[in-house]
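Colleague: Build me a model from this:
(chains A and B)
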Amino acid sequence: MNKKIECYNPVIYMLRSMVGLIFIVFVSLVALVGFSYYLSETPDKTIYYFFNGPFLSLYDFGNMINMAVPLIIGGLGISLAFRSGSMNIGGEGQLYFGALIATLTVIALEPLGRAGAVIAIFVAMMSSGILAGISGVLRYRWNTNVLITSFLISNAVVLIVNYLITGPFDDPLTNLFSTQPIPETAELSYILPPSNLNTSLIVAVAAVFIIHALMYRSRTGFELRMYGDNPRFAKYAGVNVMYYQIMPMFVSGAMYALAGSLSIFGTYHATIKDFSSGMGWNALAVALIARYRPFAVIPAALFFAYIESGARSAMLYSDVTFELSSIVQATVFFLVSSVTLQRLGLKKRRI
Amino acid sequence: MNNRIYSVLAVFFVLFLLSPLGAAGVKEEAKADDSFSVLVFVPGVAAGSPPYETMVAGANEFAQDKENVSVKVYEAGFNQAQWEQQLTSLVATGEYDVVLSTNPSLPEICERVGEKFPDQKFIITDAYAEGNDQMRTYLYNQYEQSLYLGYLAGLVTASDMEFANENLKIGFIASQEYPLLNNHILPGFLDGARLVNKDIELDFRVIGNWFDANKASDLASSMIDGGVDIFAVIAGGAAQGVFKTVTQKGAYVVFHDKNEYSAAPGYVVGSGSMEQKKLVMEILSDVVNGTVEYGKATVVGLEEGYIGFHFEDPLYVSSLPQDIRDEFASFMERLRNGSISYTLPVL
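Modeller: Model (predicted):
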């Protein structure tokens, strides 16, 4: 009884909750430095360009921010799904499928100009939303594991999309495995030329506010979080179980499609085979690092983009391969999945 | 105990923070006035790909005895979607006087990169694009190579060799469809075969990637069941599946660009050649001398000595009867001296 009772201070709690993340990032970057000395003949050059490369020019900086955009949008969708207990890990397929649907729709609606692009994004979001929603429906009807079904469906969809790109929708006028290019009217404007940074950044930032409002400023968000924390309690409290098993899956699928569509409209201008390879998984890692908080998704996505961008710079100027960034990303992914590490700074908290 | 762990972590943390600072002293060496920097952009991985390996070998050999010429080889990997951004990043460094690459898809990528960096020059082999002042392209006459390989395939399918049947059906397995394949390689192959017998038909199939040997094997197997007795294959690593199937089920292969007789001895009955290394060294010499005509596209073929056929391999001699080899040699001679003429299709 003589123990001092600590008052709950949200600022201190936030700082403590970051200790684990800082440790994870630190270990990952130590791994990077270690591997640089092991793999590179010019390790100091490799390390210099890895850390400073993304800031050496506006081009590199713009590309880094652009890389973060789909991770922010995808990470938001995943945050919402995971917060409600829906473990959607089918992002790879949902993003790729959404991108293809958006591309084909905008080409078909070319006469409508920019309106066609908006409709295409909407159609893509609906399509991937339904694709992800299937796992939610299966869970509701037959209590299947969303983790497994979303992953399996995604894997199959990636193969189907690959077939469609290299087969029926292959552009015979290009030497790449690619669909036809989207109409120029559908292309997003560049913000920082010659980098690829484009106006999709505005959509990503807006999405952060919208998802935050949905999760923390609405009754739906409150019920969703309640369902995620304790489904049984939520059920007895009168929460609509079907809704919170399907809706978060649908929204996360739709957000992945938005990420894919904007990548096409802003950066690639056609669905090129495997353009999104790894984006779905990285968005998942971003959501894990952010611990499903919409505003934390931005720095988490920037961190991932920084690693990728830095590795690219190191590869350009030094003698290492791109696998260096994969090692760092894999280390982050591996460590961030540990709840113990994530709660490192919270262990001693007494209430 | 905890304090000790934190101390160790703190030491690591300080060392970690210092490492980039220490590296901050890294500075690029100043470029000499007469120095010349070449970026060899490999759209894939050099190992295992004859055109890429020979391009890299040609560039390195050229730079070997020239102190003022430096070569940076960059392998962009198999993800085509990443090629443009990687090339843009490389060009954005401003370090390279010229970008050298090879692949029919590169002109469209270089054109987009060139719009952002109007001073950058590109030289691309195995591709055709004219009218762009930043780009010089050299296209191997793949119609011509396919014409003579098709002629050889026609001779084999119409022969009484062990695995030849009376269906007059030849096969072509490709990784993907692209303009050079559709407009030059496939028509050339069929045209060549029909110079032997105008009733010969072509069965063409697409794998959908450059690595799936199992799918290539399945396709070859189904085509053999459908009456094909000789194949051409342009499929990167997936071609191994075709070699395996022809060996097991009994059929023949003619191969573009590279000596592949040993891949399936007795079954690979013809191998074309592409003199990429020679062309790359000549191009780099022109680049250094400042005699490159940017904006121009040239088609190089049999007459210029940039494509050919591996006649000298003992496996070629042992896999085909004398009469077919004589007939084929005569055809090649007539093609080389111009007594057989053809119209190169529009790409």
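
Colleague: what's the closest non-adjacent residue to the residue of the stretch 101-250 of chain B found nearest chain A?
Modeller: Proximity of the stretch 101-250 of chain B to chain A (Cβ to the nearest Cβ) peaks at residue B:105, 3.3 Å away. All C-beta spots, glycine's among them, are computed from the backbone N, C-alpha and C. Of all residues not flanking residue B:105 in the chain, residue A:175 sits nearest, at 3.3 Å (Cβ to Cβ, 6 or more residues apart in numbering or on different chains).

Colleague: if I've got this straight, the one you found is in a strand?
Modeller: No - using DSSP: H, G, I helix; E, B strand; the rest coil, the assignment for residue A:175 is coil, not a strand.

Colleague: Surely it and residue B:109 touch.
Modeller: No - counting by Cβ atoms under 8 Å, residue A:175 does not reach residue B:109; the two are 9.2 Å apart.

Colleague: So for these two, which residue has more residues nearby?
Modeller: Using other Cβ atoms under 10 Å in any protein chain shown as the criterion, residue A:175 and residue B:109 rank with residue B:109 on top: 26 against 23.

Colleague: Pull the contacting residues for the residue nearest to residue B:105.
Modeller: By Cβ atoms under 8 Å, 6 or more residues apart in numbering or on different chains, residue A:175 lies in contact with B:103-105, B:108, B:178-180.

Colleague: Please tabulate those residues in JSON lines, including the columns distance to residue A:287.
Modeller: Converted to JSON lines, these look like this (distance: Cβ to Cβ, whole Å):
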{"residue": "B:103", "distance to residue A:287": "37"}
{"residue": "B:104", "distance to residue A:287": "40"}
{"residue": "B:105", "distance to residue A:287": "35"}
{"residue": "B:108", "distance to residue A:287": "36"}
{"residue": "B:178", "distance to residue A:287": "38"}
{"residue": "B:179", "distance to residue A:287": "42"}
{"residue": "B:180", "distance to residue A:287": "43"}
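
Colleague: Show me the strands in the stretch 201-347 of chain B, by range?
Modeller: B:201-206, B:230-234, B:252-255, B:268-274, B:297-300, B:307-309 (DSSP state E, counting those that start in this stretch).

Colleague: Next, format the ones you listed as a markdown table and append mean neighbour count and distance to residue A:179.
Modeller: As requested, those are exported to a markdown table (neighbours: other Cβ atoms under 10 Å in any protein chain shown; distance: least, Cβ to Cβ, whole Å):
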| stretch | mean neighbour count | distance to residue A:179 |
| --- | --- | --- |
| strand B:201-206 | 18 | 16 |
| strand B:230-234 | 27 | 22 |
| strand B:252-255 | 27 | 31 |
| strand B:268-274 | 24 | 30 |
| strand B:297-300 | 18 | 26 |
| strand B:307-309 | 20 | 32 |
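
Colleague: Serialize those to a markdown table and add fields for mean pLDDT and distance to chain A.
Modeller: Output for the strands of the stretch 201-347 of chain B, formatted as a markdown table (pLDDT from 0 to 100; distance: least, Cβ to the nearest Cβ, whole Å):
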| stretch | mean pLDDT | distance to chain A |
| --- | --- | --- |
| strand B:201-206 | 95 | 7 |
| strand B:230-234 | 96 | 13 |
| strand B:252-255 | 97 | 21 |
| strand B:268-274 | 95 | 17 |
| strand B:297-300 | 94 | 15 |
| strand B:307-309 | 95 | 19 |
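
Colleague: Any figure for the gap between residue A:218 and chain B?
Modeller: Residue A:218 is 37 Å from chain B, where distance means Cβ to the nearest Cβ, to the nearest Å.

Colleague: For residue B:338, the count of nearby residues, please.
Modeller: 9.

Colleague: ok, now which ones touch it?
Modeller: Going by Cβ under 8 Å, 6+ apart, the list of residues near residue B:338 reads residue B:303.

Colleague: tally of neighbours for the residue nearest to residue A:35 when sequence neighbours are not counted?
Modeller: What sits nearest to residue A:35 in space, not counting adjacent residues and going by Cβ to Cβ, 6+ apart, is residue A:327, at 5.8 Å. Neighbour count for residue A:327, taken as other Cβ under 10 Å: 17.

Colleague: Quick check: phi and psi at residue A:327.
Modeller: Per-residue torsions, residue A:327: phi -60, psi -50 (degrees, to the nearest 10).

Colleague: Same question for residue A:165.
Modeller: Torsion angles, degrees, to the nearest 10, at residue A:165: phi -70, psi -40.

Colleague: Show me where chain A has its helices.
Modeller: Per DSSP state H, chain A carries helices over the ranges A:10-39, A:43-52, A:58-83, A:91-108, A:114-142, A:146-166, A:200-216, A:219-229, A:231-236, A:241-263, A:279-289, A:294-317, A:323-336, A:339-342.

Colleague: Point out where the stretch 1-150 of chain A drops to low pLDDT.
Modeller: The stretch 1-150 of chain A contains residues with pLDDT under 70 at A:1-8.

Colleague: near chain B, which residues of it show up?
Modeller: With Cβ under 8 Å from any Cβ of the partner chain as the criterion, the stretch 1-150 of chain A comes near chain B at residues A:26, A:29-30, A:33, A:43-45, A:47-48, A:50-52, A:57, A:59-60, A:63.

Colleague: Among the residues you listed, which one has the most neighbours?
Modeller: residue A:50 leads those on contacts (other Cβ under 10 Å) with 31 neighbours.

Colleague: Please tell me I have it right and residue A:163 contacts residue B:208.
Modeller: Yes - with contact defined as Cβ under 8 Å, residue A:163 and residue B:208 form a contacting pair (6.6 Å).

Colleague: Those two: which is more packed in?
Modeller: Per other Cβ under 10 Å, whichever of residue A:163 and residue B:208 has more neighbours is residue B:208, with 21 against 13.

Colleague: Isn't that one up against residue A:161?
Modeller: No - between residue B:208 and residue A:161 there is no contact under Cβ under 8 Å: 11.7 Å.

Colleague: just checking, what packs against the helix or strand encompassing residue B:90?
Modeller: Taking DSSP states H and E as the definition, residue B:90 sits inside helix B:83-92. Under the contact criterion of 3 or more Cβ pairs under 8 Å, 6 or more residues apart in numbering or on different chains; DSSP states H and E, helix B:83-92 touches helix A:58-83, helix A:294-317, strand B:36-42, strand B:98-102, helix B:106-116.
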